[in-house]
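*Asks:* Can you look at this prediction? I've put the sequence above it.
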Amino acid sequence: MTNEILNKIKSPEDLRKLERKELQKLAAELRRYIINIVATKEGHLGASLGVVELTIALHYSYNTPDDLLIWDVGHQAYGHKILTGRKNIFHTNRQLNGISGFPNRSESEYDAFGTGHSSTSISAALGMAIASKLKGEKRHHIAVIGDASIASGMAFEGLNHAGVTDADLLVILNDNAIGIDPSVGALKEYLTKARIGHKPASSNMIEALNFKYFGPVDGHDLDGLIDILEEMKTIEGPKFLHIITKKGKGLKKAEEDQVKYHAPGKFEPETGELLKKETNGLPSKYQDVFGLTLVELAEKNEKIIGITPAMPTGSSLKYMMEAFPERAFDVGIAEQHAVTLSAGMATQGFTVFCAIYSTFLQRAYDQLIHDVALQNLPVIFCLDRAGLVGEDGATHHGVFDIAYSRAIPNLMIAAPRNEIELRNLLYTVQLGIENPILIRYPRGRGVLKEWKLPFQKVPFGKGEQLKEGTEIAVLTIGNMAANASEAILQMKNNSKIAHFDLRFVKPLDEELLKNIFKKFKIILTVEDGVKKGGFGSAVMEFASEQGYKGQIIVLGVPDTFIFQGSVTELQEIAGIHVQGIRQKLESLL
């Protein structure tokens, strides 16, 4: 397919010069362009394919960027990026020094608000609408939010406030019955009834919040969308447009398997067939080690409960949901609820594993303190995607969890260095703990091919010496043990380098550290989290208390936001890759 029309579009201004009859061809070209690029460069596919017509209609009807358009989360914004001047650099999407996979204010004036986490669009758009009114500006404000994201508490907070304002706000619900995994909950059931023609009439919950409700309408009827958007522009106050779309629209495989094709990796663009990755002989993913081990433990321990906020596939809690559906729960995009639900179950004697991405636990910080730690409830938080996660960039890196949780009393923090350590720690905590604990592990594959070994109990708060040495002590936490071990192995004079895996950030192994302080005048700490307030800071604080006179150097993520790129590239930027650790050690020697 030639991009006869798409190639003419340098900005939405060019789009608005087209005749309506040309827009269907543009939609086909845009959809094919997204498929062809993502097939080879990878990224989020299904969500953007589902909103091609909506994206064209919005930029055609509204005077963007003067009218402000916000995409919730931003998985679905690829078409938006291509139509707003980024077509020729779209192939750099999610790559180092390329464009972000999500809307980003520093990237384009058409990205009215930076996104990446869910359910922020309504609040942000309302804030802009109120600000426009205060400044006496006449402009439109549009928030596009999915049916999974709108179930989040923050989305309801925004709707609740907007309903008592006269703001020029249009909330568009992009209803495709799926987020990353299928949507869940009573709201999903309510929307399903609306989709199949049930009229909520007086029970319409959106109208009860003082929004003018329209829909549901076909989100792939381009002419119909433009007509109704033109009507929306003439109606004052908060408005709610419910559109029905199909995630993955236009690629048969993506329509049939919407979970897999949310972010499918590389595939054949014509057929959608996934290109096979050679995984034979490779280590398992950490998330699968967690998920499979939890099932193994739950078979013998009837008190084990699994909870995840909308990430059963990503966290691999799906294995327990399949094996023990009555004891495993996907609560939707509701991190605050997930944490406090876990706390509630823990009060009743259950052993609760809350599986959550590190970056998403940030959204439930008060619940972590107020509902779990303050009451000293033994909830087990399994933090997937801890550390630098790669191409998803700044909104998704799990680099803050050590720093933001270390200050919380009662809360233990552990970081197993490999799959066996993770497996044994999961086994140990389900035997019974008196305090809540965070167990953090990285995205992707581990380092061991054989990890399903007999369980062994892990001593709480105890580190382990991995290598002896005479002059420098390297202290690592979690997966940084592998990088440090390889760096030391590459050195000619590595007999001078000792290596310790601390295992726990809190409590620290104080006995081990005291011995290290006595023996070594130089200590190097390595972590895949922020240096400010992280693992290295904890070691330095204890060293200060002990009157340690030697030198402590901290390697970790610097005090800046790290953007997108491969994990290897980003570790290099932070200086925590193998070469960076080796060079630092050589300079110290």
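*Replies:* Ah, there it is.

*Asks:* what's the burial count for Phe350?
*Replies:* Per other Cβ atoms under 10 Å, the neighbour tally for Phe350 reads 17. In this view, the C-beta of every residue, glycine as well, is placed from N, C-alpha and C.

*Asks:* shouldn't it be in contact with Gly306?
*Replies:* No - assessed by Cβ atoms under 8 Å, Phe350 is found out of contact with Gly306, at 10.5 Å.

*Asks:* in the protein, what secondary structure element scores lowest on mean pLDDT?
*Replies:* Ranked by mean pLDDT, DSSP states H and E, the weakest helix or strand in the chain is helix 186-195, scoring a mean of 75.

*Asks:* Report the distance from the helix or strand following that helix to the chain centre.
*Replies:* Counting by DSSP states H and E, the next helix or strand C-terminal to helix 186-195 is helix 205-208. The chain centre lies 30 Å from the centre of helix 205-208; the measure is Cα atoms, centre = their mean, to the nearest Å.

*Asks:* Kindly report the same for stretch 429-443.
*Replies:* Distance of stretch 429-443 from its chain centroid, counting by Cα atoms, centre = their mean, is 20 Å.

*Asks:* buried ones in that stretch?
*Replies:* For stretch 429-443, a neighbour-count test (16 or more other Cβ atoms under 10 Å) marks Val429, Gln430, Asn435, Pro436, Ile437, Leu438, Ile439, Arg440, Tyr441, Pro442, Arg443 as buried.

*Asks:* now swap in stretch 488-497 and tell me
*Replies:* Per 16+ other Cβ under 10 Å, stretch 488-497 contains these buried residues: Ile488, Asn494, Ile497.

*Asks:* quick one: pLDDT of Lys199?
*Replies:* Note on Lys199: pLDDT of 55.

*Asks:* Hmm, I typed the wrong one, I wanted Ile180.
*Replies:* Per the predicted model, pLDDT is 74 at Ile180.

*Asks:* Surely it is within a strand?
*Replies:* No - Ile180: not assigned to a strand; according to DSSP: H, G, I helix; E, B strand; the rest coil it is coil.

*Asks:* For burial, what's the neighbour tally of the closest residue to it other than its chain neighbours?
*Replies:* Sequence neighbours aside, His262 is the residue nearest to Ile180 in space, at 5.2 Å (criterion: Cβ to Cβ, 6 or more residues apart in numbering). For His262, the count of nearby residues is 21 (other Cβ under 10 Å).

*Asks:* Now tell me what touches the least confident helix or strand of the chain from outside.
*Replies:* 147, 150-151, 173, 175, 177, 200, 205, 215-216, 242, 244, 332 (Cβ atoms under 8 Å, 6 or more residues apart in numbering).

*Asks:* Now, those residues that are in helices?
*Replies:* Within these, membership in helices is found for Met205, as judged by DSSP state H.

*Asks:* For the contacts of helix 186-195, which two are the farthest from each other?
*Replies:* Across the contacts of helix 186-195, no pair lies farther apart than Gly215 and Gly332, at 21.5 Å, counting by Cβ to Cβ.

*Asks:* So between the two, which is more surrounded?
*Replies:* Using other Cβ under 10 Å as the criterion, Gly215 and Gly332 rank with Gly332 on top: 24 against 18.

*Asks:* mind checking how far that one is from Gln362?
*Replies:* 18 Å (Cβ to Cβ, to the nearest Å).

*Asks:* still on that earlier bit, between the buried residues of stretch 488-497, which is closest to His117?
*Replies:* Ile488 (37.6 Å).

*Asks:* Let me see the contact set for the closest one.
*Replies:* Taking Cβ under 8 Å, 6+ apart as the test, what Ile488 contacts is Lys467, Val474, Asn494, Ile497, His499, Arg582, Leu585.

*Asks:* Would you mind giving those residues as JSON lines with distance to Lys41 and pLDDT added?
*Replies:* Below are those laid out as JSON lines (distance: Cβ to Cβ, whole Å; pLDDT from 0 to 100):
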{"residue": "Lys467", "distance to Lys41": "40", "pLDDT": "97"}
{"residue": "Val474", "distance to Lys41": "37", "pLDDT": "98"}
{"residue": "Asn494", "distance to Lys41": "39", "pLDDT": "94"}
{"residue": "Ile497", "distance to Lys41": "40", "pLDDT": "98"}
{"residue": "His499", "distance to Lys41": "38", "pLDDT": "98"}
{"residue": "Arg582", "distance to Lys41": "31", "pLDDT": "97"}
{"residue": "Leu585", "distance to Lys41": "36", "pLDDT": "97"}
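
*Asks:* now, which of those lie within helices?
*Replies:* Those of the contacts of Ile488 lying in helices (DSSP H): Arg582, Leu585.

*Asks:* Spatially, which two of the contacts of Ile488 are the most separated?
*Replies:* Spanning the widest gap among those are Lys467 and Arg582, at 14.2 Å by Cβ to Cβ.

*Asks:* which of the two has more neighbours?
*Replies:* Set Lys467 next to Arg582 and count neighbours by other Cβ under 10 Å: Arg582 wins out with 20 against 16.

*Asks:* Now do the phi/psi pair for Lys285.
*Replies:* The phi and psi values for Lys285, taken as degrees, to the nearest 10, are phi -80, psi 150.

*Asks:* Can you list the low-confidence ranges for the chain?
*Replies:* 1, 195-203 (pLDDT under 70).

*Asks:* Do a quick rundown of the strands in the stretch 251-400 of the chain.
*Replies:* 304-308, 328-330, 351-357, 380-384 (DSSP state E, counting those that start in this stretch).

*Asks:* closest to Gly114 out of these?
*Replies:* Nearest of the strands of the stretch 251-400 of the chain (Cβ to Cβ): strand 351-357, 18.3 Å.

*Asks:* Could you report the distance from the closest residue to His499 other than its chain neighbours to Phe113?
*Replies:* Once flanking residues are discounted, His499 sits nearest to Lys467: 4.1 Å by Cβ to Cβ, 6+ apart. Relative to Phe113, Lys467 is positioned 49 Å away (Cβ to Cβ).

*Asks:* Likewise for Met491?
*Replies:* Computed as Cβ to Cβ, the Met491 to Phe113 distance reads 48 Å.

*Asks:* Please apply the same query to Asp181.
*Replies:* On the measure of Cβ to Cβ, Asp181 and Phe113 end up 25 Å apart.

*Asks:* With adjacent residues omitted, what lies nearest to Phe535?
*Replies:* Glu527 (4.2 Å).

*Asks:* And what about the one you found, helix, strand or coil?
*Replies:* strand.

*Asks:* swap in Val554?
*Replies:* Val554 - assigned by three-state DSSP - is strand.
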